[in-house]
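>>> Structure, please.
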Amino acid sequence: MRVVDVDRLDQLVLSHGPDNPRVVASGNHAVPWTALKAIDGALDRYRLFMLNAPAGVPDRPGVTLETPFIGAGMRDRPSLAYYPSRLSLVPALLRRVTIPDVVVVHTTMPRAGAVSLGVEVNVLRAAIESARSRGGLVVAQLNSQMPFTYGDAVVPVDDIDVAIEVDTPLGELPVRPPTDVHRRIAEHVAGLVPDGATLQLGIGAVPDATLCELRSRRGLRVWSEMISDGVLSLEQAGALSDDRIVTSFAAGSAELYDWLDGNRRIRFLRTERTNDPAVIAQQPAMTSINAALQVDLCAQANASYRDGRVYSGFGGQTDFVVGALHSPAGQAIIALPAWHRATDTSTVLDRLPCPATSFQHTAIVSEHGVAAIWGRTQREQAAGIVEQVAAPGARDALRRAATAN
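Take a look at the predicted model:
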């Protein structure tokens, strides 16, 4: 690994690789902003591949945005190339289809011949390996404020070609106070989670509120593609077992990042491991709790499309739903408000008008109650969704639709 200044990085990137190279960069709250800005200034044309890109990533003529999971920085962009893919299969995508010419990662300073990818491992190990196997360039933004995490986060410095040094804080994920609706949903979800369960939760008001409701549980385990401050709150409440906490990336507060730094109990593993449904199925009482934008009377969930256009992507929901269903005493729970206030419409529909993100869950939950799904007939499922999940004002129309079908 050779450490250079930013101006020298421009020259190295410009002299490396083909015209219109593919640049794969850390996403979420681990974007290597300084290095990415330098690369954007050096290249007239390139393809930028990121997961959940935040606002502010390069978006100009000459830049083709690529992703299997759309964040605010790429959403509704005309130049977007969206690759539908389960998160567990994105590493294969990077090896076979979207092969990187340049990989830009955000890491710690070197320690004992290695750096740590810190708060985001995700698909980055696969990207590094794919680039190195084909003569690509691996760039690290070394940050003294990045927490040193373990597991697959630890990368030998010999796997990195060139690096720049920065000293900047990580972006924090703001926590919004839950509404009364979110609290009621969380209470229903928490009622399904026993002591000793293994948890997977995403980001959002419902997962955050659910984790608050679980602080009185004991012996909980965590196997999740991501973690945030809610997991730290469970640790502080004594709700977690002594087992290792497994994740692939993290986003949250400075307090969370301090807790992660040097904490060997928390293992950051690559996506191929955390999101492998066969591995997820081995976790005891695996309980997958995910949000959705809409559900229908066939118990299908849409977490990807809004107004007929892709909003985010599959993410890890499909991986964890399948894995949890095969876990001993496992559960795959979908939680959502019954009414969308912005559009003044029901989130429970007769039939989804767009591709389903996931289906065949164990339960669907709203502020009104819980509809048990798996093991019920199609008619029983539909009746449960109407009577227990849908908003009261939407139930008559849904009952008629269910009868007609």
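>>> Report the secondary structure element holding residue 95.
helix 90-96 (DSSP states H and E).
>>> So which elements touch that helix?
helix 124-133, helix 271-274 (3 or more Cβ pairs under 8 Å, 6 or more residues apart in numbering; DSSP states H and E). Placement of C-beta: from N, CA and C, glycine included.
>>> okay, those in JSON lines with mean pLDDT, mean neighbour count and distance to residue 219 next?
As requested, these are exported to JSON lines (pLDDT from 0 to 100; neighbours: other Cβ atoms under 10 Å; distance: least, Cβ to Cβ, whole Å):
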{"stretch": "helix 124-133", "mean pLDDT": "97", "mean neighbour count": "22", "distance to residue 219": "31"}
{"stretch": "helix 271-274", "mean pLDDT": "97", "mean neighbour count": "23", "distance to residue 219": "21"}
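>>> so which of these gets nearest residue 27?
Across these, residue 27 has its closest neighbour in helix 124-133 (9.3 Å, Cβ to Cβ).
>>> so how far is that closest one from its chain's centroid?
Helix 124-133 has its C-alpha centroid displaced from the chain centroid by 20 Å (Cα atoms, centre = their mean, to the nearest Å).
>>> got it, and stretch 169-176?
Here stretch 169-176 is found 15 Å from its chain centre; the criterion is Cα atoms, centre = their mean.
>>> Quickly run through the sheet partners of the next helix or strand after the helix holding residue 95, with directions.
Per DSSP H and E, the first helix or strand lying C-terminal to helix 90-96 is strand 102-107. Using DSSP bridges, the strands paired with strand 102-107 are strand 22-25 (parallel), strand 137-143 (parallel).
>>> any idea which of those strands is most buried?
With neighbours taken as mean count of other Cβ atoms under 10 Å, the strands paired with strand 102-107 reach their highest mean count in strand 22-25, at a mean of 26.
>>> So what touches that one?
31-32, 36, 39, 43, 46-50, 66, 94, 98-105, 124, 127, 131 (Cβ atoms under 8 Å, 6 or more residues apart in numbering).
>>> now do stretch 213-223
Stretch 213-223 is contacted by residues 186-187, 189-190, 193-200, 231, 233-234, 237-241, 243, 245-247, 274, 280, 283-284, 286 when judged by Cβ under 8 Å, 6+ apart.
>>> how about a cut-off of 7 Å?
Stretch 213-223 is contacted by residues 186-187, 190, 193, 195-200, 231, 233-234, 237, 239-241, 243, 245-246, 280, 283, 286 when judged by Cβ atoms under 7 Å, 6 or more residues apart in numbering.
>>> Take that stretch, keep the C-alpha atoms, and write them as PDB.
The C-alpha atoms that make up stretch 213-223 are tabulated as PDB, following Å, rounded to 0.1, in the frame of the first residue of the first chain:
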ATOM      1  CA  GLU A 213     -40.000  -2.700  23.200                       C
ATOM      2  CA  LEU A 214     -37.600  -5.700  23.400                       C
ATOM      3  CA  ARG A 215     -35.300  -4.300  26.100                       C
ATOM      4  CA  SER A 216     -37.000  -6.400  28.800                       C
ATOM      5  CA  ARG A 217     -36.200  -9.600  26.900                       C
ATOM      6  CA  ARG A 218     -33.200 -11.800  27.800                       C
ATOM      7  CA  GLY A 219     -30.800 -13.900  25.900                       C
ATOM      8  CA  LEU A 220     -31.400 -12.300  22.500                       C
ATOM      9  CA  ARG A 221     -28.900 -12.900  19.700                       C
ATOM     10  CA  VAL A 222     -28.200 -10.700  16.700                       C
ATOM     11  CA  TRP A 223     -27.600 -12.000  13.100                       C
END
